[in-house]
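**Student:** Compute the structure for the input listed below.
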Amino acid sequence: MNELLNVDLQEQSPSAEETASGNAIVTLFEVYLKDSDLGGAGTDKLYFHDGTKSPADSYGSIQMYSPDAESSWGSTTASDYSLVTYTPFPFEFSGYERRTKGALPRPTIRFANVNRDFTVYNTNHDDLLGAKVIRRKTLAKYLLENPPVEFPKEIYYVERLVSENQIMVEFELTTNFDVRGVLLPSRRIVAARCPWKYKDSTVGGCDWPTDCTKDITDNNSSTTSQKIYVDVDDTYITSGSHGATTYSVWADATSYTKDYFVEYYIPLAADYTVDAAASVDSTHSRYTTEGTSLGFSVDDYINVRGSAVAVWDHEKIHLKISAVSESGGNTLITVISPDPSGFDSYTSGGLISKTRNTLFKCLRTHTSDAPRRPGVATADWEVGDICGKRLTSCRMRYGYNPNAGGVESVIGKTALGVQILGVGYSSAPTIAIAAPSSGTTATATCTVSGGAINAITVTNAGSGYSSPPAVTVSGGSPSSPAVLIAVCRGASGEPDDVPLPYGGFPGAVTYS
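**Tutor:** Numbers count the residues shown, from 1 in each chain. A predicted model of the protein is given here:
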């Protein structure tokens with residue numbers, strides 16, 4: 001919405017004397033001190049202005065929306081703001097001019113103290129040291145907009161009390177970059193190392209999903225959820241056999257090799273009591289637990305353990321949910337599992353836990369059994385999906401390209417700014433794309449209109465291309481043949497370049 005201000009400033013001089021009063025610049029101030037009740041019980045702010053004419057051309061109070069919490073500055077959600085009243089108050093504010101060279105500005109602000117208001121504030125709040133002074137500017141016609149439309153706010157802090165008497169109180173201010181004892185930047189940056197806690201948007205700032213599953217769109221505009229595992233060396237670990245760059249699902253009584261990877265579903269903290277269990281058919285069982293809206297979903301995996309009947313206990317191998325329903329205040333979870341021989345059902349016992357998909361790396365060669373499964377035997381396994389804490393680590397994750405190594409499109413070669421799509425074609429020609437050194441050959445077809453190729457469709461993107469392959473066009477009897485080229489976005493396994501936002505890594509959440 002602040003683009004509106006740019007338009008206003010470019011169209012006319014926003015002066016109260018030369019333009020309509022709606023375009024007058026209004027300057028407002030806030031003084032904030034946490035847990036101070038400066039503005040009355042439960043209000044830690046003072047709101048005032050210097051007597052600028054209000055929209056009604058009086059020198060009275062002015063209303064504008066201000067955030068309910070300091071962390072909500074800049075929010076685009078209207079509910080984060082409340083309409084507050086800025087009262088006229090005699091004060092002077094100077095020395096705030098912005099400079100591109102030299103020391104940072106240290107403005108002064110002088111308040112009238114005739115009623116001894118600021119003497120009271122100083123006495124009760126240590127001379128207001130550290131109080132935040134916020135200078136806001138907008139045009140009169142935008143005062144009641146919510147969210148606010150305003151120029152970038154200026155923030156200063158009370159550095160010291162310069163003087164105080166019965167007539168005036170003067171404070172020296174400093175910028176938020178010049179407060180004594182504050183480290184800049186406030187979090188230490190070491191070389192190109194990322195300071196965020198991996199996969200923790202709540203506390204650490206990195207919003208990569210905990211189960212490493214992302215929605216990915218391929219060349220055919222088809223979106224699917226894919227697991228993207230990357231090891232500490234920024235290498236993709238893909239689904240396949242148990243290997244150094246591929247993973248398999250952990251299984252009991254299986255031989256595992258050092259530095260190879262497996263996937264395992266780790267039980268989460270919340271447990272739900274099994275009230276009953278029953279066989280559905282030879283490949284499905286159903287568990288009943290109390291409560292509704294528990295968050296179980298089809299295709300999730302659960303951990304079932306602690307049953308007094310051993311054949312109903314699945315602590316080692318987790319069960320995939322095939323159906324979820326609710327009845328009589330209970331949740332019924334149908335899972336894919338072998339029919340427990342000799343027992344059709346039982347009435348109670350055991351616990352159900354949700355699980356999280358996790359990649360593990362084998363630390364030493366061994367044959368697996370229940371006590372040596374991932375997440376339990378720390379001497380045998382460690383987490384395999386680990387961020388390398390480098391810029392390239394972000395690029396591998398957030399720049400994951402499912403089309404890498406494939407042909408993204410086929411287009412006409414450009415000459416003098418025009419694509420060479422042929423002349424005089426009587427029928428659609430055949431397009432042949434050269435095969436990769438290792439992988440799947442891409443294919444494409446085209447249509448013709450007015451004797452020229454007018455549309456090209458990649459029917460199979462192929463795989464394994466490390467550079468754009470040659471494209472051959474044949475048939476169609478043209479008087480001048482088309483010259484086509486293939487477009488590949490990155491070699492096989494190569495991520496896209498990821499833009500790095502100022503002040504954070506891709507996916508980083510900004511906290512104030």
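**Student:** count of neighbours near residue 163?
**Tutor:** Under the neighbour criterion other Cβ atoms under 10 Å, residue 163 is assigned a count of 10. Backbone N, C-alpha and C define where each C-beta goes, glycine included.
**Student:** before we move on, what about residue 289?
**Tutor:** Here the number of neighbours of residue 289 (other Cβ under 10 Å) works out to 21.
**Student:** Over to residue 352?
**Tutor:** Applying other Cβ under 10 Å, I find that residue 352 has 26 neighbouring residues.
**Student:** From the contact counts, what lies against the helix or strand containing it?
**Tutor:** In this assignment (DSSP states H and E), residue 352 forms part of strand 351-362. Applying 3 or more Cβ pairs under 8 Å, 6 or more residues apart in numbering; DSSP states H and E, we find strand 351-362 packed against strand 261-281, strand 301-305, strand 381-383.
**Student:** May I see those strands organised as a markdown table, with distance to residue 350, mean neighbour count and mean pLDDT added?
**Tutor:** Shown next, in a markdown table, are the helices and strands packed on strand 351-362 (distance: least, Cβ to Cβ, whole Å; neighbours: other Cβ atoms under 10 Å; pLDDT from 0 to 100):
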| stretch | distance to residue 350 | mean neighbour count | mean pLDDT |
| --- | --- | --- | --- |
| strand 261-281 | 4 | 18 | 87 |
| strand 301-305 | 6 | 20 | 87 |
| strand 381-383 | 25 | 17 | 91 |
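**Student:** can you tell me the distance between the two ends of stretch 322-337?
**Tutor:** 10 Å (Cα to Cα, to the nearest Å).
**Student:** So what touches it?
**Tutor:** Contacts of stretch 322-337 from elsewhere in the structure, counted by Cβ atoms under 8 Å, 6 or more residues apart in numbering, are 272, 275, 280, 283-294, 296-298, 302, 304, 314, 319-321, 352.
**Student:** and residue 393, which of the three is it?
**Tutor:** helix (DSSP: H, G, I helix; E, B strand; the rest coil).
**Student:** contacting residues around it?
**Tutor:** Contact criterion Cβ under 8 Å, 6+ apart gives 194, 230, 234, 387 as the residues in contact with residue 393.
**Student:** got the residue ranges for the strands in the stretch 151-300 of the chain?
**Tutor:** Counting by DSSP state E, counting those that start in this stretch, the stretch 151-300 of the chain has these strands, from start to end: 154-164, 168-175, 213-217, 223-227, 229-230, 236-239, 246-249, 255-256, 261-281, 284-290.
**Student:** State the distance from residue 74 to residue 84.
**Tutor:** To residue 84, residue 74 is 17 Å away according to Cβ to Cβ, to the nearest Å.
**Student:** So between those two, which is more surrounded?
**Tutor:** Shown here are residue 74 and residue 84; by other Cβ under 10 Å, residue 84 has more neighbours (18 against 13).
**Student:** For that one, which non-adjacent residue is closest in space?
**Tutor:** Of all residues beyond its chain neighbours, the one nearest residue 84 is residue 66 (4.8 Å), with distances taken as Cβ to Cβ, 6 or more residues apart in numbering.
**Student:** Name the helix or strand for the one you found, please.
**Tutor:** Under the criterion of DSSP H and E, residue 66 resides in strand 62-67.
**Student:** Next, the buried residues of that strand.
**Tutor:** Of the residues in strand 62-67, those with enough neighbours to count as buried (16 or more other Cβ atoms under 10 Å) are 62, 64, 65, 66, 67.
**Student:** wait, what's in contact with the last one?
**Tutor:** Contacts of residue 67 were listed using Cβ under 8 Å, 6+ apart, and they are 73, 75, 80, 81.
**Student:** Surely the second one and residue 81 touch.
**Tutor:** Yes. Counting by Cβ atoms under 8 Å, residue 81 is a contact partner of residue 75 at 7.5 Å.
**Student:** Name the residues contacting each of the two.
**Tutor:** Between them, residue 75 and residue 81 have 67, 147 as joint contacts when contacts are counted by Cβ under 8 Å, 6+ apart.
**Student:** Neighbours of the closest residue to residue 313 other than its chain neighbours, how many?
**Tutor:** Closest residue to residue 313 apart from its sequence neighbours, by Cβ to Cβ, 6+ apart: residue 307 at 4.4 Å. In terms of burial, residue 307 registers 21 neighbours under the definition other Cβ under 10 Å.
**Student:** And for residue 88?
**Tutor:** The burial metric for residue 88, expressed as a neighbour count using other Cβ under 10 Å, is 16.
**Student:** how long is stretch 429-445 end to end?
**Tutor:** With Cα to Cα applied, stretch 429-445 spans 8 Å between its terminal residues.
**Student:** Residue 281 versus residue 321, what's the distance?
**Tutor:** As defined by Cβ to Cβ, residue 321 lies at a distance of 16 Å from residue 281.
**Student:** ok so, going back, run through the bridge partners of the residue nearest to residue 84.
**Tutor:** Residue 66 forms beta bridges with residue 82, as assigned by DSSP bridges.
**Student:** the helices in the protein, which residues?
**Tutor:** When assigned using DSSP state H, the helices of the chain occupy the ranges 3-11, 117-124, 391-398.
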